[in-house]
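**Q** need a structure here:
(chains A, B and C)
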Amino acid sequence: MAAPSLGPQLKAGPRRILHVDVDAMFVQCAVLADPERLGGVDLILVGGSPSGRGVVTSASYGCRAYGVRSAMPTATALRLCPDATVVKVPGEMVRTKSRALASSIADWSPVAAMASVDEAYIDLTGTEGLHRNEPLVETARRIQRDLKERTGLDVSIGGAANRLVAKMATSFAKPAGVYVVAPGEEEAFVASLQPEDLIGVGPALLASLRRRGIVDMTSLRALDVETMAAWWGPDRARWLWRRCRGIDEGPIRGREGAKSISSETTFPRDVSDLGELERLLLGRVVSVAGSLRRQGYYARTITVKLRYADFRDRSRSRTLVDSVQSDRVIFSVARELLGDLRRHNERPVRLIGVSLTGLSDSPEPEQQSLIALVPPRENARDRALSAAVDRIRDKHGRVIAPGSVLADQRRSREGDG
DNA sequence: TCTGGGGTCCTAGGACCC
DNA sequence: TCTGGGGTCCTAGGACCC
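**A** Predicted coordinates for the structure are as follows:
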């Protein structure tokens, strides 16, 4: 009596990994959110920003035919494609569809995980028996139809024996297609690409390659790991050597809890005045601390970032002994960090951001010590006040800064004058 | 035509402890 | 008195991805 094959524990054959990527997710979601206005519209740009210095978040395939790309300034995109309809990021629909996608892929394998809002990996290794031993490409097509039925979204699917190659295969599947790299063909597949097609090779590494005369995959793959180590250090060398051969043994795993929560904004015009920067900083603090509490976290490290007109970023951070989550304490620390940054540089600023790291789900410090008495300390009243503000904000949908925070700021401003 | 906002991961130096 | 490494944490900056 033949038991169904359980695959890997009996025989270490190639893994069967699929990478699922929603085609122009934000465009599809915008249409689903407003079918009356956008149904049947071919030229859609998602993007822009309140600052008027926005870029394209996502472009419909119609727009892409005009040369429009993600991250391109919206003004440039409109010059290339003047008839495009520009819409805002459909945040709520994106979250809804991302959740729907996550629950749908989970039905196809116990080893399935979202990699971002619009991407997922499914490890089908060992499920051959469940799928009548059909080729991986057939299973991928059935998954594609299932996801369309259950979420309304068109997806493209890449397949291979590992995550890295599956993801690169997906670009050959777009839009709404399936592309599977046969087992054993991973290296040949990668060899047919360009260095900039490799995941993790961005503008900086590409420029470094070019400077050294490495202009194509053949010359990259001809390098030995010692030469690469002399250029970029041993870790990066090993990483790139394996990457340009399609080698990746990493498992499919979900992302555990968040590691950081941040909020930043680019101003319509550059700002130099400290008082105005503090007011704008408060807006970011209220936003990021609200996200922190909504997600049930406390943070130990607070970072303030400024971007200057020359696009250079400067940041200051501080790690507290306690984990905190109230607007008051986070703002008081952020304000000092901003003051420190401005003491060193008073040039005009185009962006301000606050990021929270060292996240935990409890306010308790890991170990008590005497320095835990160093301010700023967050008390029960701070937390209750912030929670009350959250409730009011949820109810009225307005951004409200707690009075004590504003009073703190007013007092110190008067003190400055 | 100047270049968003949300993240993750890595590096490197200094402090500090064992 | 001089001389160690290893490990971990913190800070600042940067590359990269969607």
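**Q** C-alpha from now on. contacts and neighbour counts both.
**A** OK.
**Q** Look up how far A:V20 lies from the residue nearest the centre of chain A.
**A** Centroid-nearest residue in chain A: A:S116, 6.4 Å away (criterion: CA atoms, centre = their mean). Per CA to CA, to the nearest Å, A:S116 is found 11 Å from A:V20.
**Q** try A:Q194
**A** 22 Å.
**Q** repeat for A:L220
**A** 28 Å.
**Q** who has more neighbours, the two?
**A** Shown here are A:L220 and A:V20; by other CA atoms under 10 Å, A:V20 has more neighbours (28 against 19).
**Q** Report pLDDT for the more buried one.
**A** In this model, A:V20 is scored at 98, pLDDT.
**Q** same check, this time on A:C29
**A** Confidence score, pLDDT, at A:C29: 97.
**Q** so who does A:S260 touch?
**A** Neighbour list for A:S260: A:355-359 [criterion: CA atoms under 8 Å, 6 or more residues apart in numbering].
**Q** Same check on A:A169?
**A** A:157-160, A:179-181.
**Q** Include secondary structure and neighbour count when you put the residues you listed into a markdown table, please.
**A** Formatted as a markdown table, the contacts of A:A169 follow (DSSP: H, G, I helix; E, B strand; the rest coil; neighbours: other CA atoms under 10 Å):
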| residue | secondary structure | neighbour count |
| --- | --- | --- |
| A:I157 | strand | 32 |
| A:G158 | strand | 28 |
| A:G159 | strand | 31 |
| A:A160 | strand | 28 |
| A:Y179 | strand | 24 |
| A:V180 | strand | 25 |
| A:V181 | coil | 23 |
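**Q** Let me know the closest of the residues you listed to A:Y297.
**A** A:I157 (34.6 Å; CA to CA).
**Q** Flag every residue of the stretch 301-417 of chain A that's near DNA strand B.
**A** Residues of the stretch 301-417 of chain A lying near DNA strand B by CA under 7 Å from any atom of the strand: A:309-311, A:351, A:353.
**Q** now do 10 Å
**A** Neighbours of DNA strand B within the stretch 301-417 of chain A, by CA under 10 Å from any atom of the strand: A:307-312, A:350-359.
**Q** Quick check: which of the residues you listed are also close to DNA strand C?
**A** Restricting these to those near DNA strand C - CA under 10 Å from any atom of the strand - leaves A:307, A:311-312, A:357-358.
**Q** Run through chain A and note the low-pLDDT ranges.
**A** A:1-11, A:365-377, A:389, A:392-417 (pLDDT under 70).
**Q** Now do the strands in it.
**A** Secondary structure of chain A (DSSP state E): strands at A:17-22, A:44-47, A:56-59, A:85-87, A:112-116, A:119-123, A:155-160, A:178-180, A:260-271, A:298-308, A:313-324, A:349-360.
**Q** Compare the ones you listed and give me the one nearest A:A204.
**A** strand A:313-324 (16.6 Å).
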